[in-house]
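*Asks:* sharing a model prediction with you, sequence too.
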Amino acid sequence: MKNVHPSDFDIQRFAFELSDCKAEIVTHINTCATCKQKADNYLSVSNSIKVQPEPVLEFDLSALILAQLPTMSKKEAAYNYFIYFLMALSTLVVVAAILYFKEAIVGLFANTSAIPTSFIVSTCLLILIVIGIDTFRSFHKKMNLLNY
Ligand SMILES: [Zn+2]
């Protein structure tokens, strides 16, 4: 028999997962009164916890939470309306700018040769694709965070 007692972790493993326990630790605990007592204490504590009834709240938690939800959703709705207003305003500004500079934009593509125009269009498409992929990936990352 060794004079050194096994650690609490090993004693807990002996008490709850005997099949994972090393043979020398099993032998020690079976022959050592102190360690055997510790293992029995762990088992009795575990059994008394299992016997405890499920904890029950004395008040209706869901009713309390539902009572607080309307104030939050009002704030959220106002924020959403502000976002919609900004989107409509920016769309209006872009459409107005396109209408105002219509001749200049048409002249940009009509008078120049096809090579600079294709460079401009391909660069814009490349930037749009990169930004779109980045937005899509960050959206998925955030959704995964929300789903735990
Ligand atoms: Zn011991």
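*Replies:* That came in fine, so what should we check first? Numbers count the residues shown, from 1 in each chain.
*Asks:* next to the ion, which bits of this protein? Give me the list.
*Replies:* 5, 32, 34-35 (C-beta under 5 Å from the ion). From N, CA and C alone the C-beta is placed, and that goes for glycine too.
*Asks:* which of these count as buried?
*Replies:* Those of the residues of the chain next to the ion that meet the buried threshold are 32, 35, by 16 or more other C-beta atoms under 10 Å.
*Asks:* go through the residues of the chain next to the ion and flag which are in helices.
*Replies:* Judged by DSSP state H, helices contain the following of those: 34-35.
*Asks:* okay, the residues of the chain next to the ion in JSON lines with pLDDT next?
*Replies:* Putting the residues of the chain next to the ion into JSON lines (pLDDT from 0 to 100) gives the following:
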{"residue": "5", "pLDDT": "91"}
{"residue": "32", "pLDDT": "93"}
{"residue": "34", "pLDDT": "93"}
{"residue": "35", "pLDDT": "93"}
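*Asks:* in a markdown table, list the residues of the chain next to the ion along with distance to residue 59.
*Replies:* Listed next are the residues of the chain next to the ion as a markdown table, based on distance: C-beta to C-beta, whole Å:
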| residue | distance to residue 59 |
| --- | --- |
| 5 | 47 |
| 32 | 49 |
| 34 | 46 |
| 35 | 45 |
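*Asks:* and the residues of the chain next to the ion, which is closest to residue 97?
*Replies:* Set against residue 97, the nearest of those by C-beta to C-beta is residue 5 (81.1 Å).
*Asks:* other SSEs contacting the host helix or strand of residue 90?
*Replies:* Using DSSP states H and E, residue 90 maps to helix 61-100. Applying 3 or more C-beta pairs under 8 Å, 6 or more residues apart in numbering; DSSP states H and E, we find helix 61-100 packed against no helix or strand.
*Asks:* which of the residues in it are buried?
*Replies:* With the criterion 16+ other C-beta under 10 Å, helix 61-100 contains no buried residue.
*Asks:* point out where the chain drops to low pLDDT.
*Replies:* Within the chain, the segments meeting pLDDT under 70 span 1-3, 70-73, 111-112, 148.
*Asks:* measure residue 143 to residue 11 for me?
*Replies:* To residue 11, residue 143 is 44 Å away according to C-beta to C-beta, to the nearest Å.
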